[in-house]
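In: Make a model of this:
(chains A, B, C and D)
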There are 4 protein chains.
Amino acid sequence: MTNGYEQNENEQALDILNLPQLEADAKKIIPTGGFGYISGGSEDEWTLRANRTAFQHRQIVPKALSNIENPQTDTTVFGLNLKTPIMMAPAAAQGLAHAKGEVDTAKGVAKVGGLMAQSTYSSTSIADTAAAGEGAPQFFQLYMSKDWEFNKSLLDEAKKAGVKAIILTVDATVDGYREADIINNFQFPIPMANLTKFSEGDGKGKGIGEIYAAAAQKIGPADLQQIIDYTDLPVIVKGVESAEDALYAIGAGAAGIYVSNHGGRQLNGGPASFDVLESVAKAVNHQVPVIFDSGVRRGSDVFKAIALGADLVAIGRPAIYGLALGGAEGVASVFTHLNDELKIIMQLAGTKTIDDIKQAELLNLNY
Amino acid sequence: MTNGYEQNENEQALDILNLPQLEADAKKIIPTGGFGYISGGSEDEWTLRANRTAFQHRQIVPKALSNIENPQTDTTVFGLNLKTPIMMAPAAAQGLAHAKGEVDTAKGVAKVGGLMAQSTYSSTSIADTAAAGEGAPQFFQLYMSKDWEFNKSLLDEAKKAGVKAIILTVDATVDGYREADIINNFQFPIPMANLTKFSEGDGKGKGIGEIYAAAAQKIGPADLQQIIDYTDLPVIVKGVESAEDALYAIGAGAAGIYVSNHGGRQLNGGPASFDVLESVAKAVNHQVPVIFDSGVRRGSDVFKAIALGADLVAIGRPAIYGLALGGAEGVASVFTHLNDELKIIMQLAGTKTIDDIKQAELLNLNY
Amino acid sequence: MTNGYEQNENEQALDILNLPQLEADAKKIIPTGGFGYISGGSEDEWTLRANRTAFQHRQIVPKALSNIENPQTDTTVFGLNLKTPIMMAPAAAQGLAHAKGEVDTAKGVAKVGGLMAQSTYSSTSIADTAAAGEGAPQFFQLYMSKDWEFNKSLLDEAKKAGVKAIILTVDATVDGYREADIINNFQFPIPMANLTKFSEGDGKGKGIGEIYAAAAQKIGPADLQQIIDYTDLPVIVKGVESAEDALYAIGAGAAGIYVSNHGGRQLNGGPASFDVLESVAKAVNHQVPVIFDSGVRRGSDVFKAIALGADLVAIGRPAIYGLALGGAEGVASVFTHLNDELKIIMQLAGTKTIDDIKQAELLNLNY
Amino acid sequence: MTNGYEQNENEQALDILNLPQLEADAKKIIPTGGFGYISGGSEDEWTLRANRTAFQHRQIVPKALSNIENPQTDTTVFGLNLKTPIMMAPAAAQGLAHAKGEVDTAKGVAKVGGLMAQSTYSSTSIADTAAAGEGAPQFFQLYMSKDWEFNKSLLDEAKKAGVKAIILTVDATVDGYREADIINNFQFPIPMANLTKFSEGDGKGKGIGEIYAAAAQKIGPADLQQIIDYTDLPVIVKGVESAEDALYAIGAGAAGIYVSNHGGRQLNGGPASFDVLESVAKAVNHQVPVIFDSGVRRGSDVFKAIALGADLVAIGRPAIYGLALGGAEGVASVFTHLNDELKIIMQLAGTKTIDDIKQAELLNLNY
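Out: Here you go, the predicted structure:
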């Protein structure tokens, strides 16, 4: 327990029915403030809900007599060999869900042969989280600070810890208006390990707005360039929702495009992430890999996102719920479950490989 | 009673208000596990629900002054003279609903002059079910086994029993993710008669996944060819949802195309069956008959499906509910009721024959 | 009271908030069977509901600075000078709502200077209803009987009673599948006056299906021709939902086209009446007047129907609810209320006359 | 208290979560009749609801890497330098919400550097309200009276009080059919200050219909011309919903176009105000400024309206709720809160200025 915040310490594999049910289960054991922070979206959460309903507007047309069995979810992206196209999104403050935080998440993701992304605002340090990953690949997500020394320090540390790429978040120059946090008067009860060395403190006891205030509220092409120049890791731009921005970022040297609306936590009134994926991916046109997140809860969602152009599909909240309920094993259970749902969809759709999914066409019925 | 599973033994004609109400009535008397297996769809049942709502997107425009009365539902398909275009879908394990299982279903269907399709996973044997049909036509549906000897044996037996065509199911190479079965920890409490002679056992005490595991998870053009070559019965391909697949199957020698999404039990996230019927039927272009199922509960649904290109319209669950509530008489009541609803719609739409329905245009309002 | 059926005998002006509320009030005082017959639609009432929601898909764009006041609802149609374009639809068996039945309805309609349509299945006779109308214009609706003598007798009687036109219903050659009547085991507790002289009896104690069975289930061009030839009254064809049928009827000599889906009581699964009005009216192209009904409950509904091509807009159920609650005065209150709503809409839309409404364009936002 | 109507006298800054919640809070303290008058719409309030849902059909596509921070909501419209594009709509009878009425509203709006619009039917006089505004700009809205002397007197008084423009309302030549007022038998319990000098009385004890009856029910081009000729203040036409009307008004000399459906209080069955904004603004094509209101409750709504062509976005009800709960400070809190939401949206969308918003494109997904 930290500051009266009850951290779960569960360590167990989970018997998962589906991810929506998992959220209901996790809500029972994560303290109210922490759960509100994790699950909430901004304003009246229209975009959060649209992230789910958008998937219903496109349908998978199965290919009969495709002569396949044992569909394979292995994929190679960014030169990494992964057992699943489902990766862990960079999600902040996982200590809110579990005492071990990102260390357990990293272990769980490694167990399933997936890809882990650390957040700048992780509860555990870059080095600790990286070490816990046991050789499995990790990315590091950067919330740019106003303090360039801080940015360099994090980039250096990430490099040193062996992460494979930097994810630069550009859709969070100010925090979305998240009402759950206001209602709960939520302040971080636990420290953010990567903040401890710097003047802004470790985040503990602060509201999300205060944390973000230390971040750069102004991110432009020069910042992207500066980061690309400074690090020799590939830099992926996260928070892209238009073809224009994707092409701009690639022109500036981005090594990947991450289509996301931050899980409906930032710009409410913006489109569902799935609703912009296709146009962004078409613009990217395979120049660099495309990562997608926001609203993914079903194997069919993963399938649809890949069919519309995603190379990797990230989940955040569901993995954190698995973390709360089962630690590293719980996280592994979540990825295994979702990947199993994906395999069933692949088999039924007549697609044996991730590349096959990319060739699948989705129906668009306009209602 | 078998294994503590309470089988109904009702034998009575039913006074049916409508088929949705019939489901509510049947739910009260079919044991939970059995009812969950029969009624459930996969994942969050989006496709199951879409199978119903899809019919609302197209409307029947009545033809006034059409000078018809006493609409006739007789139709000739596959060279068979039927009193109704509504046929019994091949549905598994009807012993879950009634002690007599498919034997009673076959009797009921024969009573109304309809067409019965047996499932590989029937509770009663091919021969027994065929004998119960009293000379009325039957089809036999094949879930291909990994064991070709088993397939041949079933095809031989079907031929011997006098069935008129083989329905090869190609959309179920793995079972859909059906949550009701998981919640109920459902295992078949009663044997599947056609499985008894083979090594995989009779299905009793197994989960649906185990049963399917014995089936071929890999069905390709060669399999279709092999079956067509082996049997001299016409072979209908079931589970087609695209024009491409329909044309391929016809090219390979299929004698019929069965448009279906397996009642929303297999690929969730796929389109409503009704939403793909028109494009498939246009592609088939009367080269072979088209059968349609998934979501049919009203006479107007039958009408709409025929108007969009179906030659036969199958129901599964509603007939099984009639079976549970009334045995052979109950099944007959279901077909009679739905056919009566169809006749009212035909009269009001100004169509005297099934062929007239095929000429009817449906409105498409795009909302 | 007749046969234990409690007939209302209210005679009073009504203080009406709106017509949906009126239905709720009427439900409290009309016996269950009668209310089910009056209010119900066929099958699962999809079309009944669509009749209401369809109006929401088109919006009235107000014309500012139109310099009008005191909008006038007078209109001349079929050579009749009416104070309101809202007419009484021919609705059967109004004795179910009130002891005086159509006699009181006719009085109420006359009071507001409107147009009354009698139904073949009226509780009161053609002559009595006509006499009650006090010189105000009436139409007579014909359900064709299989017995041509009966038809001639009715046409003669209507002529003699001074009605101005015949409305030939062509969408009810069999009764829709109305579940409320089945649930209530509804049989007419009161006689239908026009049926008393003929062999089929007066309808009392019969189900709606039996009544309809005596009607002609087969109505074709020859029947229309025969009626047009027999009577020298103008003949309006009711139940038209397509441009083709409208043009055919006009070609055959019809003096008016009545767009209706019978209030959702006949062909369920057909389009909302409002959704076909525009295309039918465009086809008619002012050759003859167009009457519209089905789902009208608001002044804005009347406005929209006229804007899309209706010359007269009929209501049925709401007037019957007014009859139940207030007799002739109640009926007058209903028409006055709805006409007052219409006037407000006319003023706010910037339209002074019914002809102005016909020039108004409705927005179509496709959602 | 006046006539038994309990007026609030709260004076306090408000801690606002969001404006919908504010309505719920205000409902608890505003007397039923007053709240019904303020919150209600006409008929079944379809247009009132559509005013809210319409915003969901267009989505903000954020511009990444826009290199902005500290978005500025300053704007210059009608030659006025404003701190926010969110203005106070001319709303009647604010004494229903608070004893100080518009005097406090004007103070609150002045506090935030916004623009205040007075209504003809204000509870406080033009002079008093203007004086309370402490030098901040105000507009005066005119409900034309049938008595031209009255109109001249108001225009003179407005000029004398230093207001900057006249808003001529043209969508309220009769009051909409507002059922809440009928249910509550609502009559104004408090006087309307601008009416006291004239024969029609001060409005106290009258129903809304009686008040409107004194207003001109007939407003045409000549009236607009007469007002433009009489006053040397710019004249803005309020209640425009079509390109045609906007162009006509500009041709006649209007200095601004105010797109509004009167908050859903007048023509029910008309389109959502947001749904006609784009086409009107395109027609206006920057010849004069465009003001928009009806349904604005979120910062994202303000953003979307400006993106589709509004120069100013007005709110009415939310400010009145703030008035009820906190007097002048409460009003200021409402504008500050909504402007703060807008700033967050601007930052997240990558727009630094109001002009930047005008360049933003909204997605239109047609569902």
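In: Ranking helices and strands of chain A by mean pLDDT, which lands last?
Out: Each helix and strand of chain A was given a mean pLDDT (mean pLDDT, DSSP states H and E); the minimum falls on helix A:208-214 at a mean of 72.
In: do it and chain D meet at all?
Out: No - Helix A:208-214 is not in contact with chain D by C-beta under 8 Å from any C-beta of the partner chain; minimum separation 10.1 Å. Every residue, glycine included, has its C-beta placed from N, CA and C.
In: now do stretch A:54-70
Out: Yes - judged by C-beta under 8 Å from any C-beta, stretch A:54-70 and chain D are in contact via A:His57.
In: Packing partners of whichever helix or strand comes after the least confident helix or strand of chain A?
Out: Scanning forward in sequence from helix A:208-214 by DSSP states H and E, the next helix or strand is helix A:221-230. Here helix A:221-230 touches helix A:148-161, strand A:165-169, strand A:235-240, going by 3 or more C-beta pairs under 8 Å, 6 or more residues apart in numbering or on different chains; DSSP states H and E.
In: Just say which of the ones you listed is most tucked in.
Out: Highest mean neighbour count of the helices and strands packed on helix A:221-230: strand A:235-240, a mean of 28 (counted as mean count of other C-beta atoms under 10 Å in any protein chain shown).
In: What segments of the stretch 251-367 of chain A are strands?
Out: For the stretch 251-367 of chain A, the strands defined by DSSP state E, counting those that start in this stretch occupy A:256-259, A:290-292, A:312-315, A:362-364.
In: do the same with the stretch 1-150 of chain A
Out: Using DSSP E, counting those that start in this stretch, the strands of the stretch 1-150 of chain A run over A:58-60, A:75-77, A:80-82, A:86-88, A:116-118, A:138-142.
In: Could you export those to a markdown table, including columns for mean pLDDT, distance to chain C and mean neighbour count?
Out: Listed next are the strands of the stretch 1-150 of chain A as a markdown table, based on pLDDT from 0 to 100; distance: least, C-beta to the nearest C-beta, whole Å; neighbours: other C-beta atoms under 10 Å in any protein chain shown:
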| stretch | mean pLDDT | distance to chain C | mean neighbour count |
| --- | --- | --- | --- |
| strand A:58-60 | 97 | 18 | 24 |
| strand A:75-77 | 98 | 38 | 17 |
| strand A:80-82 | 98 | 40 | 16 |
| strand A:86-88 | 98 | 34 | 29 |
| strand A:116-118 | 98 | 37 | 30 |
| strand A:138-142 | 98 | 37 | 27 |
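In: could you dump these to TSV with distance to C:Gln7?
Out: TSV is the format used below for the strands of the stretch 1-150 of chain A (distance: least, C-beta to C-beta, whole Å):
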stretch	distance to C:Gln7
strand A:58-60	54
strand A:75-77	76
strand A:80-82	77
strand A:86-88	69
strand A:116-118	75
strand A:138-142	76
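In: Let me have the ones you listed in CSV, extended by distance to chain B.
Out: Listed next are these as CSV, based on distance: least, C-beta to the nearest C-beta, whole Å:
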stretch, distance to chain B
strand A:58-60, 4
strand A:75-77, 20
strand A:80-82, 23
strand A:86-88, 16
strand A:116-118, 26
strand A:138-142, 28
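In: Around chain B, pick out the residues from the stretch 51-200 of chain A.
Out: Residues of the stretch 51-200 of chain A lying close to chain B (C-beta under 8 Å from any C-beta) are A:55-56, A:59-70.
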